[in-house]
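A.B. asks: Using only what follows, build the 3D model:
(2 chains)
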Amino acid sequence: MTITTVAEKSLSLRSRLWLGPILLGVVTLVGAAITGIVLGPIELTTAEVLKALVDRLPFVEVVSGLSDRQSAILFQLRLPRVVLGGCVGAILALAGAAYQGVFRNPLADPYLLGVAAGAGLGATIAIASGGPGAALPIAAFAGGVLAVAATYLLGRAGDRAVTSLVLAGVAVASFFTAAQTYVQQQHTEELRAVYSWILGRLATNGWAEVKLILPYITVAALVILAHRRLLDTLSVGEIEAQSLGVPVRRVRLLVVAAATLASAAVVAVSGLIGFVGIIVPHTVRLLTGESFRSVLPLSLLFGASFLIVTDLAARTISAPAELPVGVVTAFLGAPFFLFVLRRARRSQ
Amino acid sequence: MNKMGDSGDLVVSGLSVSRGGRLILDRIDLSVPKGTWLGLVGPNGAGKTTLLSSLNGLVPSRGSISWGGTPLDGLSVRKRAQLIASVPQQPVIPSEMTVGDYVLLGRTPHIDYLGSETEDDYAGAAAAVTALELVGFEQRRLGTLSGGETQRAILARALAQEAPLMLLDEPTTSLDIGAQQSVLELVESIRLSRALTVISSLHDLTLAAQFCDELLVLDKGRVVARGKSTQVLTEDTVRTHFGAEVDILRDNGRITGVVPIRR
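C.D. replies: Below is the predicted model of the structure:
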């Protein structure tokens, strides 16, 4: 065997190394989903749930043994909630990882960049002005874009430390949240529901939320995943990436637009859930290394599991009362944020 | 393997760059035959780095640059990167990335926008790893390498681009004397084996004289001398443009050292 083929083998090995973690991610997600469906004030057994799900498949008849009431709980409450939680978690983690790549900043996250607050303001205005339901994600997206643009411009004006982007994000988020509070005060009647929404919640009834966001998050996730190799090239900086032939502006524009669209869509239905985009991608990096080819798909998978599990915690910790899931993620996320900040400082 | 400009000379005419109203490069004319190693020397602020960046299309410039008759300014960033590989003076080193992944980044200009690496790309990267004597380092993280090893990884990335023109901005800064020598020897051997045109700025005049076919002396954005090192590097030139008093040691018509003299 010549030296070249040794080098070649060892180079092409890289692309297969993360198939194991992907499998782990899928298994974790299935486990989290089943746990999320089964546990609750009305107990369902795994066997019953699986039978009921199989029964829904075309051309298959299985007797699940669930009563009509249990069946309604499964298909109208638990399942949509788990699916929504999975979608929201997957997107927040994926968008966080994508922002981290584009801004080359380990602290970027839809919540910390102010995207969530901007989307929140957009959504609140849409609700307050009584527009059609379909306008909600669009208004949220517009608010999110405005916020991320403001954060990026303000953060770039500061020094080049990773923290200046986050500080700009905090300022922008505060501003948008203040504006949102103002709009709410003007429309207390219509917006009573918004108060709980600000803390982040996944309480659903049926499939309306999932159906609303699915087209947006599918397109956005595909765009982000398709850029995984190009996000790796950005790790050598804008100038070198350009001299390697990467159209840096186009990559940035497309990835930021996709991440913002996806975050805005999930914020529109779930409120402000913070830190998922920090906790999940950084944990994944500890497992498989920095390459976006593994970080992006794994963030998607583990993000889904993560939010399903934290939502389960949110509705069981102080049952029968329910904590907003955003409170639980913040509880876990804030210490994690400090950990990432310390690491980033050290490597600078 | 080179996609375009295979029989290419680099021709630069009237290249000027100004920044903040100040002229950094002043009407540079330059013709570099294929396969030449041209060394850029000159005092700090002479415009060496700016010249390299403008050849690379990274700073806006006036005038024209062409390769094998093809003007470069009309090219997309990707087409340009197929022609020119460049190593900046202080590259961004993603310390967590492995050497293998880093070298593979050099294949970027040969991969479609949303495509991924083919067997050709792995082979090209592997050849570059071998040429820069990095076999066995593929899974090492960049952050764990010594200065000389890092510089070899950077050159391997540039070599993997398989571009006929290689721009090196001070490839030996921050290396010890042994690493300086071996890096330049490696550049020389890949240049000869692949018939690359190399343009590099070099602070060290002795190394520049020994390794480059020709030297170009820049001062205040202008070309003040160009030719074989023995013609260009004289005590007078160094005094005039660097403000330094030196002894130039020669042996058999070759320069063996540029030695500063204490005044």
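
A.B. asks: what's the neighbour count on residue A:45?
C.D. replies: By the measure other Cβ atoms under 10 Å in any protein chain shown, the count of residues near residue A:45 is 13. Bear in mind the C-beta positions are built from the backbone N, C-alpha and C, glycine included.

A.B. asks: Look up the pLDDT of it for me, please.
C.D. replies: You'll see residue A:45 listed with a pLDDT of 86.

A.B. asks: Give me the phi and psi angles of the residue nearest to it when sequence neighbours are not counted.
C.D. replies: Residue nearest to residue A:45 in three dimensions, not counting chain neighbours: residue A:38, with 6.9 Å by Cβ to Cβ, 6 or more residues apart in numbering or on different chains. Phi and psi for residue A:38, reported as degrees, to the nearest 10, are phi -70, psi -40.

A.B. asks: where does chain A have low pLDDT?
C.D. replies: A:1-18, A:131-134, A:157-162, A:188-201, A:203-205, A:347-348 (pLDDT under 70).

A.B. asks: Tell me how far whichever residue of it sits closest to chain B lies from residue B:9.
C.D. replies: The nearest approach of chain A to chain B comes at residue A:245, 3.0 Å away (Cβ to the nearest Cβ). Separation of residue A:245 from residue B:9 (Cβ to Cβ, to the nearest Å): 22 Å.

A.B. asks: Compare those two and say which is more crowded by neighbours.
C.D. replies: residue A:245 (24 against 16).

A.B. asks: contacting residues around the closest residue in space to that one that isn't next to it in sequence?
C.D. replies: Nearest residue to residue A:245 in three dimensions, chain neighbours excluded: residue B:81, at 3.0 Å (Cβ to Cβ, 6+ apart). Each residue near residue B:81 by Cβ atoms under 8 Å, 6 or more residues apart in numbering or on different chains is listed here: A:243, A:244, A:245, B:108, B:109, B:161, B:163.

A.B. asks: Mind putting these into TSV with secondary structure?
C.D. replies: As requested, those are arranged in TSV below (DSSP: H, G, I helix; E, B strand; the rest coil):
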residue	secondary structure
A:243	helix
A:244	coil
A:245	coil
B:108	helix
B:109	helix
B:161	coil
B:163	coil
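
A.B. asks: Widest-spaced pair of these?
C.D. replies: B:108 and B:163 (11.3 Å; Cβ to Cβ).

A.B. asks: can you pull out the strands in chain B?
C.D. replies: For chain B, the strands defined by DSSP state E occupy B:10-19, B:22-32, B:37-41, B:62-67, B:70-71, B:84-87, B:165-169, B:197-201, B:214-219, B:222-227, B:246-251, B:254-260.

A.B. asks: quick one: residue A:293 and residue A:226 touch, right?
C.D. replies: No: counting by Cβ atoms under 8 Å, residue A:226 is not a contact partner of residue A:293; they are 11.3 Å apart.

A.B. asks: which residues do the two both contact?
C.D. replies: Common neighbours of residue A:293 and residue A:226 (Cβ under 8 Å, 6+ apart) do not exist.

A.B. asks: ok, these two, which is more surrounded?
C.D. replies: residue A:293 (20 against 15).

A.B. asks: picking that back up, and of the contacts of residue B:81, the nearest to residue B:22?
C.D. replies: Distances from residue B:22 to the contacts of residue B:81, taken by Cβ to Cβ, are shortest for residue A:243, at 24.2 Å.

A.B. asks: What is the burial count for the nearest residue to that closest one once chain neighbours are set aside?
C.D. replies: Counting by Cβ to Cβ, 6+ apart, the nearest residue to residue A:243 once its immediate chain neighbours are dropped is residue B:86, at 4.9 Å. Residue neighbour count, defined by other Cβ under 10 Å, stands at 26 for residue B:86.

A.B. asks: got it, and residue A:314?
C.D. replies: Using other Cβ under 10 Å, residue A:314 has 25 neighbouring residues.

A.B. asks: could you list every residue that touches it?
C.D. replies: Contact partners of residue A:314, counting by Cβ under 8 Å, 6+ apart, are A:202, A:322, A:323, A:324, A:325, A:327, A:328.

A.B. asks: so which of these is the most crowded?
C.D. replies: residue A:325 (28 neighbours).

A.B. asks: tell me the contacts of it?
C.D. replies: Contacts of residue A:325 were listed using Cβ under 8 Å, 6+ apart, and they are A:85, A:200, A:201, A:202, A:270, A:273, A:307, A:310, A:311, A:314.

A.B. asks: Could you identify the helix or strand that succeeds whichever strand or helix holds residue A:259?
C.D. replies: Remark: residue A:259 resides in helix A:248-270, with elements defined by DSSP states H and E. With elements assigned by DSSP H and E, the helix or strand that comes after helix A:248-270 is helix A:276-288.

A.B. asks: Show me what that next one is packed up against.
C.D. replies: helix A:19-38, helix A:79-103, helix A:292-316, helix A:325-347 (3 or more Cβ pairs under 8 Å, 6 or more residues apart in numbering or on different chains; DSSP states H and E).

A.B. asks: Give me the contacts around the first one.
C.D. replies: Applying Cβ under 8 Å, 6+ apart, the contact partners of helix A:19-38 are A:44-46, A:49-50, A:74, A:78-79, A:81-82, A:85-86, A:284, A:287-288, A:294, A:297-298, A:301-302, A:304-305, A:308-309, A:311-312.

A.B. asks: The nearest residue to residue A:145 once chain neighbours are set aside: how many residues sit nearby?
C.D. replies: Spatial nearest neighbour of residue A:145, chain neighbours left out: residue A:260 (5.4 Å); criterion: Cβ to Cβ, 6+ apart. Residue A:260 is flanked by 29 other residues according to other Cβ under 10 Å.

A.B. asks: same deal with residue A:269?
C.D. replies: 22.

A.B. asks: so which strand or helix has the closest residue to it other than its chain neighbours?
C.D. replies: Distances taken as Cβ to Cβ, 6+ apart put residue A:209 closest to residue A:269, at 4.1 Å, once the chain neighbours are dropped. According to DSSP H and E, residue A:209 maps onto helix A:208-226.

A.B. asks: and the next element down the chain from that helix?
C.D. replies: Helix A:208-226 is succeeded, C-terminally, by helix A:228-233 (DSSP H and E).

A.B. asks: how about that next one, does it get close to chain B?
C.D. replies: Yes: against chain B, helix A:228-233 shows contacts by Cβ under 8 Å from any Cβ of the partner chain at A:229, A:230, A:232, A:233.

A.B. asks: what sits up against that helix?
C.D. replies: With Cβ under 8 Å, 6+ apart as the criterion, helix A:228-233 contacts A:98, A:101-102, A:241, A:244, A:246, A:251, A:255, A:291-293, A:296-297, B:101, B:105, B:108, B:111, B:113-116.

A.B. asks: List only those of these flagged as buried.
C.D. replies: A:98, A:101-102, A:241, A:244, A:246, A:251, A:255, A:291-293, A:296-297, B:101, B:105, B:108, B:111 (16 or more other Cβ atoms under 10 Å in any protein chain shown).

A.B. asks: just checking, residue A:344 touches residue A:107?
C.D. replies: Yes: assessed by Cβ under 8 Å, residue A:344 is found in contact with residue A:107 at 6.7 Å.

A.B. asks: so how far is stretch B:16-28 off the chain centroid?
C.D. replies: Relative to its chain's centre, stretch B:16-28 lies at 21 Å (Cα atoms, centre = their mean, to the nearest Å).

A.B. asks: Kindly apply the preceding question to stretch A:118-137 instead.
C.D. replies: Counting by Cα atoms, centre = their mean, stretch A:118-137 comes out at 20 Å from the chain centroid.

A.B. asks: What residues of it count as buried?
C.D. replies: Buried, per 16+ other Cβ under 10 Å, within stretch A:118-137: A:118-128, A:135-137.

A.B. asks: related to what we said a few turns ago, what sits against the residue of chain A closest to chain B?
C.D. replies: So residue A:245 contacts B:76, B:77, B:78, B:79, B:80, B:81, B:82, B:108, B:109 (Cβ under 8 Å, 6+ apart).

A.B. asks: The second one - nearest residue in space that isn't next to it in sequence?
C.D. replies: Setting aside the residues directly before and after it, residue B:77 is nearest to residue A:245 in space (Cβ to Cβ, 6+ apart), at 5.2 Å.
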